[in-house]
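Trainee: Provided below for reference: sequence and predicted model.
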There are 2 protein chains.
Amino acid sequence: MSSPTSTIVQCLSTAPSNNEKKVLAVPGGINPALVKMEYAVRGPIVQRAEQITEQLNKKDESSSLPFDQVIYCNIGNPQSVGQQPVTFLRQVLSILVCPSLISADPSPFPSDVVGRAKDILAHSHGIGAYTASPGLPFIRDQIVKAITSRDNGIPASSDKIFLTNGASDAVKAVLQLLIRSPNDGIMIPIPQYPLYSATLTSISGAQVPYFLDEDAVKDQWSLDIDELQRSYDDAKEKGIDVRALVVINPGNPTGHVLSRDQVHGIVRFCERNNVLIMADEVYQTNVFKPSEFISFKRAVVEVGSNVELASFHSVSKGVLGECGIRAGYVEIHNMDEETRQMLYKVVSVNLCSNVLGQAAVSIMMNPPQPGDPSYELYSKEVGDIFNGLQRKSQKLSQALNTFEGVTCNTSQGAMYLFPRITVPEKAIEEAKKQGLSAPDVLYCMEMLEETGICTVPGSGFGQKEGTYHFRTTFLPPEDQMDGVVEQMRSFHHNFLQKYS
Amino acid sequence: MSSPTSTIVQCLSTAPSNNEKKVLAVPGGINPALVKMEYAVRGPIVQRAEQITEQLNKKDESSSLPFDQVIYCNIGNPQSVGQQPVTFLRQVLSILVCPSLISADPSPFPSDVVGRAKDILAHSHGIGAYTASPGLPFIRDQIVKAITSRDNGIPASSDKIFLTNGASDAVKAVLQLLIRSPNDGIMIPIPQYPLYSATLTSISGAQVPYFLDEDAVKDQWSLDIDELQRSYDDAKEKGIDVRALVVINPGNPTGHVLSRDQVHGIVRFCERNNVLIMADEVYQTNVFKPSEFISFKRAVVEVGSNVELASFHSVSKGVLGECGIRAGYVEIHNMDEETRQMLYKVVSVNLCSNVLGQAAVSIMMNPPQPGDPSYELYSKEVGDIFNGLQRKSQKLSQALNTFEGVTCNTSQGAMYLFPRITVPEKAIEEAKKQGLSAPDVLYCMEMLEETGICTVPGSGFGQKEGTYHFRTTFLPPEDQMDGVVEQMRSFHHNFLQKYS
């Protein structure tokens, strides 16, 4: 053991050291799965958008930019673009945070707000104490009641519910249980929400892609059972043990909503092939008529199947759009008791999900009822948000369909459009020259630089070779939508010109 | 592809199937690393405690039990055992949740509460929107300021700060980056907080144990550099690539606080052996005089070392004890820019940590100052909690030292005592007979059943072979502490009698 003095000398002499001394260094010194992992929703385009935002905030630098704000259409984050929180939810939560508000005189809140908060406080140690690992039993009971009602009376059970910090944590926990070796594969849609590909890469599981059918007549982006079988068989042939199927319904980024027949068909496919279903149903209340949401839980029971199911939900989406609260849950169904205990253990290492978020789930699943003092305002706010989303979706998709070489689905649900774009040969070459991973990265980066509109390249979600897309939300406020449409139109036109 | 009808028939005929059909099944069908993983803090004893709590809540069943409440001493969860939240923090947070409270007239809050909330709202899109992945820049700047002040002016940088849902998430992210193969090892103290062992097991990294010195005269549970070297050399000999050293300071479960010389010595050890430091400093404000907290960041700079460091902090501990909010952060130091970007990417997949939690970190790092309207109340509340913890720690440790065959350290910090117990031979046999993993599991389970006091067996944290311990918090309210002490004493006496 060297003396302290010699150590200091040694350390000073190596102080301006380079990477070769670091424990964590790319490449070689860092978990290669994480180096490989990609997550486009928060990738380089968003990081550039954040730089530009900082530049705009510094008045003297902002003059050089051709726009005065960044419009974030890259992510389903409604409150970042002006959507107001729902009053009832926030009032209840504020009392949970500061229970002395109960005795404020005059009370700033309606009586049902106070009643609801008291009820949650009575069934917990408040928002400052760890709860049971899967969440407060009281709130899990409320979820059970709401799921049962949603599914036409099909029963649920609170010990099959696990509250988590957003649906993402629950998805990761289930994927972790499923992947035993790089030989284990999970079927994921293409295009998909990159949480799935990113997590699979990070835990070295195999991605088994199945393609959604962009060209399907009358049901664009639908899911075809023959394609599922093709994907499954291909993987089997390669020696992959196909463990589960991820379905995102309503679809992200496609906005497609599965019909009852389709959901039943998927359940039967999974039953036949002994594949677990991971149903990402976080957009279940973002469904525009005449489409209808049919839960996989309901379908599994209706079909009489014993296929294993994990269904995910979240307060981040829907009309609440409470992304920053980070709350969601998973319901498991048809799983072994031992498996349930394993999931319990996995969530236990996180101790519990944030308790304010648990309470937000409670309100989402158990909103004010007719006759309650808050009912009218709640209904109006929720209705306005929902109708606004539908109008904005239609406006943007109709406009995109008039752009040269662009085709865009009508959104049936969720919060996104996924227009297909034709990228000129010269733009493809330019993207290569710039070392970009795909031509649609060039498209989205130039859109950001010229208009301030931040979107995500289709390549971040996966797409059929030779096709290019971008994903945009339709979340900006209605009074900005005309501007967004015109800026996109003008940018698109210029892009085609520039690279023609 | 079979017809829908034949599928239904097939499915019905297999409906009462057993485990062999399940995708997720123990063993074989579940990630074996997760099956192997153990997490004692939320293990079978706590689950039994939760059952008993439910039983107590049903009045008719409670009469059969020899106590009327479960006292949870198993976990540092102050608000679950009656610690009140700090008023200023909760008032600010309640406005963030419900900003209309700003205009409540009369205002239920002092002016600095409103000012602080407005400031956070002005630098964010509120608590309902995702933030930048590492957290709001404004709050990271406040952390930087507080760390710089804590460390006597040593600079920090906000791009080296990542806010997370509790420190646990940050610990996991860093371990994930470090472990490339089962050959990569992390040095962990024995005894240790089982987050480290559990996470390492789950990602198939090697645990490289080093033993804290329970028998050290005058400095019980101290950390000895020769023991670090022994541990490191042993691992190297086995072909393990030792990547990092975990230090928990103040210690969990030991309550030990490292001296400045010890912290410097550890930094030099890591420098010499090219080992990254993971400094779990979540109890940094739970330090009882004359002990003093010296951060590893400060020591690394004082020593002039270029050793890589990740330092973790949390709002769950300290005097705030806001466990349920789930908020913490990691500061990285001396890491490559590429490594920083990898960590950024890893936290990005979670989108961001919950924003209310980020705001709680803001208040923790930037409390009211003398002259602020809330200062006096804040100081009183914080002082009362701190002094109460110290008194309770002393009372419990002094009492435990009078139990037959028990020796207990005086806690220098953190929230725990880790008394060593002598377990009679017959109890060891009984534990074996019951198939328990260790004799101290029997001890803690019987303590729970007889007194309602829930503790964690020493075996859950690791201990020298042939020694037995349990971990208890000293968090119950002061008016309950005499009762806790007497119940523990009586149980301990009976246990020794029963198995003598």
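Mentor: Now that the structure is in, tell me what you want to look at.

Trainee: Please name the residues that touch the residue most central in space within chain A.
Mentor: Centroid-nearest residue in chain A, with C-alpha atoms, centre = their mean: A:Tyr193, separated by 6.6 Å. Residues counted as contacts of A:Tyr193 (C-beta atoms under 8 Å, 6 or more residues apart in numbering or on different chains) are A:Val41, A:Ile248, A:Asn252, A:Pro253, A:Asp280, A:Phe461. C-beta: built from backbone N, CA, C; applies to glycine.

Trainee: Just the pLDDT for it.
Mentor: Listed pLDDT for A:Tyr193 reads 91.

Trainee: element containing it, please.
Mentor: If you go by DSSP states H and E, A:Tyr193 is not part of any helix or strand.

Trainee: Over to A:Ser393?
Mentor: Applying DSSP H and E, one finds A:Ser393 within helix A:375-400.

Trainee: Counting by contacts, list what that helix packs against.
Mentor: helix A:87-97, strand A:416-417, helix A:478-498 (3 or more C-beta pairs under 8 Å, 6 or more residues apart in numbering or on different chains; DSSP states H and E).

Trainee: gap between the second one and the chain center?
Mentor: The gap between where strand A:416-417 is centred and where its chain is centred comes out at 12 Å by C-alpha atoms, centre = their mean, to the nearest Å.

Trainee: again with stretch A:251-269
Mentor: Worked out by C-alpha atoms, centre = their mean, stretch A:251-269 lies 17 Å from the chain centre.

Trainee: A:Asn494 - how many residues pack around it?
Mentor: Neighbour count for A:Asn494, taken as other C-beta atoms under 10 Å in any protein chain shown: 14.

Trainee: From A:Asp440, how far out is it?
Mentor: 16 Å (C-beta to C-beta, to the nearest Å).

Trainee: try A:Val423
Mentor: 7 Å.

Trainee: How about A:Ile225?
Mentor: 29 Å.

Trainee: Ok, A:Glu376 next?
Mentor: A:Glu376 is 45 Å from A:Asp440, by C-beta to C-beta.

Trainee: For those two, indicate the residue with more neighbours.
Mentor: Using other C-beta under 10 Å as the criterion, A:Glu376 and A:Asp440 rank with A:Asp440 on top: 27 against 11.

Trainee: Does the more buried one touch A:His469 like I think?
Mentor: Yes - applying C-beta atoms under 8 Å, one finds A:Asp440 in contact with A:His469, separated by 6.4 Å.

Trainee: Need the residues touching each of the two.
Mentor: A:Ile421, A:Pro457, A:Gly458.

Trainee: Just give the nearest non-adjacent residue to the last one, would you?
Mentor: Spelled out, that is A:Gly458. Nearest residue to A:Gly458, sequence neighbours excluded (C-beta to C-beta, 6 or more residues apart in numbering or on different chains): A:His469, at 2.9 Å.

Trainee: by how many degrees do the strand or helix carrying that neighbour and helix A:375-400 diverge?
Mentor: Using DSSP H and E, A:His469 falls within strand A:468-473. Between strand A:468-473 and helix A:375-400, the angle comes out at 160 degrees (axes from the mean of the first three to the mean of the last three C-alpha atoms, to 10 degrees).

Trainee: Can you list the helices and strands that strand A:468-473 packs against?
Mentor: Partner elements for strand A:468-473 (3+ C-beta pairs under 8 Å, 6+ apart): strand A:416-417, strand A:420-421, helix A:439-451, strand A:456-457.

Trainee: In CSV, list those along with mean pLDDT.
Mentor: Below are the helices and strands packed on strand A:468-473 laid out as CSV (pLDDT from 0 to 100):
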stretch, mean pLDDT
strand A:416-417, 94
strand A:420-421, 96
helix A:439-451, 96
strand A:456-457, 94
